[in-house]
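> Here's a sequence, model it:
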Amino acid sequence: LDEKRHPHVPFPYRICLENMEAGQCSLSFFVEKNRNDYRWLQKVVFPRFLRWFSKMEEHHNATSSHKLIDPETYASLYQEIKQRWGQQIVANWTERTDPQKFVYEDCAIASYLLSFWRKNDLLPLRFCDIGCGNGLLVHLLKQNGVTGYGIDLRKRRIWANFVETDLRERALNPENDIIENADFLIGNHTDELTPWIPIMAARSRSNFFLLPCCPFDFYGRFQKKSGDVSGSPYFSFLQFIRGICLR
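The predicted structure follows:
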């Protein structure tokens, strides 16, 4: 939150925002009784949250994607995945990237997907994580009983640690290739492949999940059209991706 420390806290805590009388709200943080290392939460996180909530629009609609899962189920599942697998993977990380960021981020994404699938009874028979990178998301989903595989242009060193996880080094031509033996495609920070994944899903008659990151169109960097006053360049990119998904 302060660009110097990663926002993953190594112990359970709870944030509570309650509606009070006369349009007022109460913001509270709760930690375990015997913790004495909560100063960062108290001195940095709490004031930041307080500032954010003070600017909150009372009648602003909740983010649609947050309505697709049960928050308590997600939070419980995230803690379980983080403690059972995440911490051990962080301790044995062999990549040059920051494990505190990438490991717990994928723990969160796995928790979201599992929560969504279970709530809607949509557990895939086999998923494919396109551009799987370090392969961690594939590994975490496998550990939670979901069958699938990941493909990426380049094999990573960390793959050797994920024994029995199906990770494949493969070049992909999104214009022509069909993803076989998968009924759910995952596009997690897939950059150049992001706009292609809905099309590949349509070819293979698969469901799909997209978590966009860097903005690309089909053949290069996404450029906001001249005269587009709908919002920021990134908002325009998301609208572009949404349009592809709805075709």
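> helix or strand for the residue positioned nearest the centre of the chain, which one?
Closest to where the C-alpha atoms of the chain average out (Cα atoms, centre = their mean) is Ile109, at 3.6 Å. Per DSSP states H and E, Ile109 falls inside helix 99-119.
> Show the subsequent helix or strand relative to that helix.
Under the assignment DSSP H and E, the closest C-terminal helix or strand after helix 99-119 is strand 127-130.
> so what strands line up beside that next one?
Using DSSP bridges, the strands paired with strand 127-130 are strand 148-152 (parallel), strand 184-188 (parallel).
> Report the buried residues of that strand.
Buried positions in strand 127-130, judged by neighbour count with 16 or more other Cβ atoms under 10 Å: Phe127, Cys128, Asp129, Ile130. The C-beta positions use only the backbone N, C-alpha and C, and glycine is treated the same way.
> Determine which stretch of the strands paired with strand 127-130 is the most buried.
Most buried of the strands paired with strand 127-130 by mean neighbour count (mean count of other Cβ atoms under 10 Å) is strand 184-188; its value is a mean of 24.
> How far off centre is that strand?
On the basis of Cα atoms, centre = their mean, to the nearest Å, strand 184-188 sits 11 Å off its chain's mean C-alpha point.
> What average pLDDT does that strand get?
Mean pLDDT, strand 184-188: 97.
> So which of the strands paired with strand 127-130 is nearest Leu41?
With Cβ to Cβ as the criterion, Leu41 lies closest to strand 184-188 of these, at 28.2 Å.
> CA atoms only for the closest one, dumped as PDB, please.
C-alpha atoms of strand 184-188 as PDB (Å, rounded to 0.1, in the frame of the first residue of the first chain):
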ATOM      1  CA  PHE A 184     -12.500 -23.600 -19.400                       C
ATOM      2  CA  LEU A 185      -9.800 -21.200 -20.500                       C
ATOM      3  CA  ILE A 186      -7.900 -18.900 -18.100                       C
ATOM      4  CA  GLY A 187      -6.200 -15.700 -19.200                       C
ATOM      5  CA  ASN A 188      -4.400 -14.300 -16.200                       C
END
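> Need the residues that contact that strand.
By Cβ atoms under 8 Å, 6 or more residues apart in numbering, the surrounding residues in contact with strand 184-188 are 106, 109, 113, 124, 126-133, 137, 148, 179, 193-194, 197, 200-201, 204, 206-212.
> which of the residues you listed count as buried?
Buried by 16+ other Cβ under 10 Å: 106, 109, 113, 124, 127-133, 137, 148, 179, 193-194, 197, 200-201, 204, 206, 208-212, out of the contacts of strand 184-188.
> Would you mind listing where the protein has pLDDT under the threshold?
Filtered on pLDDT under 70, the chain yields the residue ranges 1-8, 56-65.
> Show me how it divides into domains.
Here the domain assignment for the chain is 13-54, 74-214, based on automatic domain parsing.
> Include distance to Phe222 when you put those into a markdown table, please.
Output for the domains of the chain, formatted as a markdown table (distance: least, Cβ to Cβ, whole Å):
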| stretch | distance to Phe222 |
| --- | --- |
| domain 13-54 | 28 |
| domain 74-214 | 8 |
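> looking at those domains, which is buried most?
Mean neighbour count, computed with mean count of other Cβ under 10 Å, is highest for domain 74-214 among those, reaching a mean of 18.
> Surely Lys148 touches His139?
One correction, residue 148 is Gly, not Lys. No: look at Gly148 against His139 with Cβ atoms under 8 Å: they stay out of range, at 10.2 Å.
> Can you name the residues that contact the residue nearest to Arg221 when sequence neighbours are not counted?
Residue nearest to Arg221 in three dimensions, not counting chain neighbours: Pro215, with 6.9 Å by Cβ to Cβ, 6 or more residues apart in numbering. Pro215 sits next to Arg221, Phe222, Pro233, Tyr234, Phe237 when contact means Cβ under 8 Å, 6+ apart.
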